[in-house]
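Chemist: take this sequence and fold it.
(2 chains)
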Amino acid sequence: MNALRLIYHYLRIGVMNELQYQINFWLQLLQSSVALAVGLVGLSLVFQHTSDLAGWSRAELLAVMGVHILIGGVVAALIQPNMLRLMEDVKDGTLDFALLKPVEAQLLVSVREIRLWRLVDLVIGVVLLVVALLQLGGRLSPQALLIFGVALLCGVIMIYSFWLMLTCVAFWIVRVDEILNLFEGLYAAGRWPVGIYPGWLRAILTFLVPVAFAITVPAEALTGRLEVTTLALALALAGGLFTLARIVWRIGLRHYAGASA
Amino acid sequence: MGGILDLYWSMARTAVLAQFQYRVANYFYMIGMIAEPLIYLVVWSSVAVAQGGMVGGYTPGTFAAYYIVWTLVRNMNIVITPYAWEWRIKQGELSAALLRPVHLLHTDIAYFAGWKFVVILLWFPLAALLALIFRPTLNPSLLEVGVFALAIWGAFLIRMLLLWLMGMVTFWTTRVSALYELYFAVELILSGRLVPMSLLPDWARNLAGWLPFQWTFGFPIEALVGQLPPEQLLGGLLIQLLWIGLGLLLVQLVWRVGIRRYGAVGG
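Modeler: Numbers count the residues shown, from 1 in each chain, chains lettered A, B, ... in the order given. Next up, the predicted model:
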């Protein structure tokens, strides 16, 4: 309960902070629109030359793109800024200030920052999903919607865990500028269903970087191609990665204490 | 004249020495960059396979060649960004540069050109690895190799001039990121970076014919990978020269007007 209140207050302060800079909303809107336009151009170029891509139709790929943009927005608004600040804090030694507070440190370092306007992408993603669903015939049972929600949540947890583990590398190697770059490159691969990638790359995108489960699986749920075993695997993987990230965080933290002493 | 050549030689050598020290960072950067062409390659190879082995004149093998050569051309394309320009003006670095007796453009070209030698050197092992994985179809003639070797430098110069022009917009306003986003999006689509030019619809290809972008990206790649006849290869180099000339002219023009404005702000 206490934790929820903490999250609420941090988010409220973050939101109020961001609301001061309303011009940033328009800049973000423009930037997101340009990115969306480029994505749509890419999609239509592909479908000018073929009618399906590895078994996915145009409307289905639009749904994949919707999930990709939606989760991308959540990551950029809520996860990435916190992790970048954590890296900075480790580098500068200012993580002490967070650690000294009488609350769970992992929770605290995960809610300190918010980039409100990046949530524009969340809205764009939802719009794309609605359009894709209408093109696909428009009927979505409450059950399918629920499964989609669960898959989406699993995806966000996986990416959070993955980011936290990447960030924890900062405890050992302080210079980690390239990590953001690397993540964005790999995340871009999720724009397309992982089924199109060659085997070795698919394995990387499934288990090393959980882009497959985070994006393709929710899209599968929405387009009615998800199997129960895949959903169970997604749940298990989300739980497993979260636990692993927590262990890595703990070990890293011990390393931090040793370094600053 | 000897003075300018001397400057180029020293700047380029400095860049080589400096950037070679950061070879690991440079390498990481190059590896991070590979994700983008890899995605295009996989998507278009699947389309080619679905269409019975060929689309827009490309097979999976020639797509592999296209996007592997892409990685080198992309690296040649990296020059001073408009954001660096913004920084230059905000931080007053430009004032110091103006005190020097040589045009800042010379310094920029020389430094980045030197850096490119390091990049090309680092690129070879990477390309070899990608070639092992993706098996490109590539058997260029001697002429094609020669034209490619020149065309990547033409591409470098054209893009340097274009981004100089974009960067100099900062003389007039500092709210420029929106303009840049739009510019980069158009460039991405119409340069051959997103897809080879032959996959664009006719109207887009016609539009691209009036713009310089394809001469910075698609042309060098196609010179090596495509089956261009000799007259198109040499004609392409000529068009690159034309764009370089036009770019130089525009840069001079905007620089003269802009620098006066800059002085007014700083004074």
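
Chemist: chain neighbours aside, what residue packs nearest to residue A:192?
Modeler: Using Cβ to Cβ, 6 or more residues apart in numbering or on different chains and skipping residues adjacent in sequence, the residue nearest residue A:192 is residue B:43, 5.9 Å away. (Glycine included, C-beta is placed from N, CA and C.)

Chemist: contacting residues around the one you found?
Modeler: A:46, A:53, A:192, A:196 (Cβ atoms under 8 Å, 6 or more residues apart in numbering or on different chains).

Chemist: which strand or helix spans the first one?
Modeler: Secondary structure here is read from DSSP states H and E; on that basis residue A:46 sits in helix A:23-49.

Chemist: what comes up buried for the helix or strand following that helix?
Modeler: The helix or strand immediately downstream of helix A:23-49 is helix A:58-74, counting by DSSP H and E. Across helix A:58-74, burial judged by 16 or more other Cβ atoms under 10 Å in any protein chain shown covers A:58, A:60-74.

Chemist: can you list contacts of stretch A:78-93?
Modeler: Stretch A:78-93 has contacts (Cβ under 8 Å, 6+ apart) with A:94-95, A:97-98, A:109-115, A:156, A:159-160, A:163-164, A:166-167, A:170-171, A:174-176, A:179-180, A:256, A:260.

Chemist: restricted to strands, list those residues.
Modeler: Among the contacts of stretch A:78-93, DSSP state E puts none in strands.

Chemist: show me where chain B has helices.
Modeler: For chain B, applying DSSP state H gives helices covering B:2-21, B:23-50, B:60-76, B:82-90, B:93-99, B:104-134, B:142-168, B:177-190, B:202-209, B:218-225, B:230-266.

Chemist: tell me the angle the longest one makes with helix B:82-90.
Modeler: It refers to helix B:230-266. 30 degrees (axes from the mean of the first three to the mean of the last three Cα atoms, to 10 degrees).

Chemist: what's helix B:230-266 packed up against?
Modeler: In this structure, helix B:230-266 makes packing contacts with helix B:93-99, helix B:142-168, helix B:218-225, judged by 3 or more Cβ pairs under 8 Å, 6 or more residues apart in numbering or on different chains; DSSP states H and E.

Chemist: ok, 10 Å please
Modeler: helix B:82-90, helix B:93-99, helix B:104-134, helix B:142-168, helix B:218-225 (3 or more Cβ pairs under 10 Å, 6 or more residues apart in numbering or on different chains; DSSP states H and E).

Chemist: make CSV out of those helices and add mean pLDDT.
Modeler: Converted to CSV, the helices and strands packed on helix B:230-266 look like this (pLDDT from 0 to 100):
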stretch, mean pLDDT
helix B:82-90, 82
helix B:93-99, 81
helix B:104-134, 89
helix B:142-168, 94
helix B:218-225, 95
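
Chemist: tabulate the ones you listed in CSV, adding columns for distance to chain A and mean neighbour count.
Modeler: CSV is the format used below for the helices and strands packed on helix B:230-266 (distance: least, Cβ to the nearest Cβ, whole Å; neighbours: other Cβ atoms under 10 Å in any protein chain shown):
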stretch, distance to chain A, mean neighbour count
helix B:82-90, 14, 16
helix B:93-99, 22, 12
helix B:104-134, 8, 17
helix B:142-168, 15, 20
helix B:218-225, 14, 26
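
Chemist: okay, stretch B:66-82 in CSV with CA atoms only?
Modeler: Extracted in CSV, the C-alpha atoms of stretch B:66-82 (Å, rounded to 0.1, in the frame of the first residue of the first chain):
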residue,chain,number,x,y,z
TYR,B,66,23.2,-4.2,-51.1
TYR,B,67,22.8,-4.0,-47.3
ILE,B,68,26.3,-5.1,-46.5
VAL,B,69,27.8,-2.4,-48.7
TRP,B,70,25.1,-0.2,-47.1
THR,B,71,27.0,-0.3,-43.8
LEU,B,72,30.1,1.2,-45.3
VAL,B,73,28.2,3.9,-47.2
ARG,B,74,26.2,4.7,-44.0
ASN,B,75,29.5,5.3,-42.2
MET,B,76,30.7,7.5,-45.0
ASN,B,77,27.5,9.5,-44.6
ILE,B,78,28.2,10.4,-41.0
VAL,B,79,29.3,14.0,-40.9
ILE,B,80,28.7,16.9,-38.7
THR,B,81,25.1,16.9,-37.5
PRO,B,82,22.9,19.9,-37.3
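
Chemist: next, the buried residues of it.
Modeler: For stretch B:66-82, burial by neighbour count (16+ other Cβ under 10 Å) applies to B:66-80, B:82.

Chemist: which parts of the stretch 101-250 of chain A sit against chain B?
Modeler: A:175, A:177-192, A:195-198, A:200-201 (Cβ under 10 Å from any Cβ of the partner chain).

Chemist: are any of those residues buried, and which?
Modeler: A:178-180, A:182-192, A:196-197, A:201.

Chemist: in helices, which of these fall?
Modeler: Filtering these for membership in helices, criterion DSSP H, returns A:178-180, A:182-188, A:201.
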